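Engineer: How does the following fold in three dimensions:
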Amino acid sequence: MMGQATTNEPRGLVAVGGSYSCRRAWVAVRSLQGKAKLARAMADSVESGALHERYGEIGDEAEHAIEVLGDRLAQAYQEAGERGAS
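Structural biologist: Residues are numbered from 1 along each chain as shown. Take a look at the predicted model:
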């Protein structure tokens, strides 16, 4: 659901419009969410050790990327709103 927040949406990613660039960004967010979820599942499926740690790192990196992208989208949305209000 583009432009609508759900409990799975990253912080700041509320009501980001429907432009082509925004749709691509949403696809990126969804892909990163899937990557993070898979990495966490893989980490849970292996015993402790190097693989467990690496999968955890991959999950952390994906979640960080989601936050960064979410913040940038929120900033772009806010700036677009400010331009529209003036």
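Engineer: gap between the worst-scoring helix or strand of the chain on mean pLDDT and the chain center?
Structural biologist: Across the helices and strands of the chain, the lowest-confidence element by mean pLDDT, DSSP states H and E is helix 50-85, at a mean of 88. How far helix 50-85 lies from its chain's middle: 5 Å, per CA atoms, centre = their mean, to the nearest Å.
Engineer: list the buried ones in that helix?
Structural biologist: For helix 50-85, the neighbour count (16 or more other CB atoms under 10 Å) marks 55, 58-59, 62-63, 65-66, 69-70, 73-74, 76-77 as buried. The C-beta positions use only the backbone N, C-alpha and C, and glycine is treated the same way.
Engineer: which element is M42 on?
Structural biologist: helix 20-45 (DSSP states H and E).
Engineer: got the contact list for the residue most central in space within the chain?
Structural biologist: Centrality entry for the chain: nearest residue to the mean C-alpha point is I66, 2.8 Å, by CA atoms, centre = their mean. Contacts for I66 (CB atoms under 8 Å, 6 or more residues apart in numbering) come out as 10, 29, 32-33, 36.
Engineer: Can you flag the buried ones in these?
Structural biologist: Using 16+ other CB under 10 Å as the burial test, the contacts of I66 include 10, 29, 32-33, 36 as buried.
Engineer: Can I get the residues you listed in JSON lines including pLDDT and distance to E82?
Structural biologist: Output for the buried ones among the contacts of I66, formatted as JSON lines (pLDDT from 0 to 100; distance: CB to CB, whole Å):
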{"residue": "P10", "pLDDT": "50", "distance to E82": "22"}
{"residue": "V29", "pLDDT": "91", "distance to E82": "23"}
{"residue": "L32", "pLDDT": "97", "distance to E82": "27"}
{"residue": "Q33", "pLDDT": "96", "distance to E82": "28"}
{"residue": "A36", "pLDDT": "98", "distance to E82": "31"}
